[in-house]
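Engineer: Got a predicted model here, sequence first, then my questions.
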Amino acid sequence: MPKEDCDISLETTHHPFTAPIAEHQDMIYTKPEKVCGQHYDLVLNGFEIAGGSLRIHDEKLQRYVLEDVLKEDASSLEHLLQALQSGCPPHGGIAVGFDRLMAILCGESTIREVIAFPKTGEGNDLMSNAPALISEELLNEYNIQLIDDDNNS
């Protein structure tokens, strides 16, 4: 689909590893904006409780999608492309929204009622008091160094 801020470039609607449906396999090279991907949702009583996709398992197609269709630098994914080049069977994945499923099963209107570690509207975790400042001693123990972005151009 076209990127929101640019009508020339394309972006994925699921992720860049989703395989095109078989009927659109060749169209990726001529009309990529028309290609439908093999992604799916699992719906319970009108609520999405899981989603996933079948993945591209061909190195040349994956590289083409990343570099030519999406205009992305694929160098950070070279390990994946090499693995695909070695031979990879068709595969897929799915992720279950367990908290949403529990809310449905418990008859709750929001996941806030069933989520194990709920966050405030600001993203704070009241159970662990996160995010929080870390002591210099703890930073040293884990060999972590903080860098001030304002002083590093």
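Structural biologist: Great, that's in hand.

Engineer: what distance separates the host helix or strand of Ala83 from the centre of its chain?
Structural biologist: Per DSSP states H and E, Ala83 falls inside helix 78-85. Taking C-alpha atoms, centre = their mean, to the nearest Å, the mean C-alpha location of helix 78-85 is offset from the chain mean by 19 Å.

Engineer: Wait, a helix at Asp150?
Structural biologist: Yes - under DSSP: H, G, I helix; E, B strand; the rest coil, Asp150 sits within a helix.

Engineer: could you check the distance from it over to Pro131?
Structural biologist: Per C-beta to C-beta, to the nearest Å, Asp150 is found 19 Å from Pro131. Any C-beta I mention is one placed from the backbone N, CA and C, and that applies to glycine too.

Engineer: Show me which of these two is the more surrounded one.
Structural biologist: Comparing Asp150 with Pro131 by other C-beta atoms under 10 Å, the one with more neighbours is Pro131, at 10 against 6.

Engineer: which residue packs closest to that one, ignoring adjacent ones?
Structural biologist: Nearest non-adjacent residue to Pro131, counting by C-beta to C-beta, 6 or more residues apart in numbering: Asn124, 7.0 Å away.

Engineer: circling back: got the CA positions of the helix holding Ala83 in CSV?
Structural biologist: Provided in CSV are the C-alpha atoms of helix 78-85 (Å, rounded to 0.1, in the frame of the first residue of the first chain):
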residue,chain,number,x,y,z
GLU,A,78,21.7,-10.3,5.4
HIS,A,79,21.7,-13.2,7.9
LEU,A,80,18.1,-13.9,7.1
LEU,A,81,18.7,-13.7,3.4
GLN,A,82,21.6,-16.1,3.6
ALA,A,83,19.5,-18.6,5.6
LEU,A,84,16.8,-18.4,2.9
GLN,A,85,19.5,-18.9,0.2
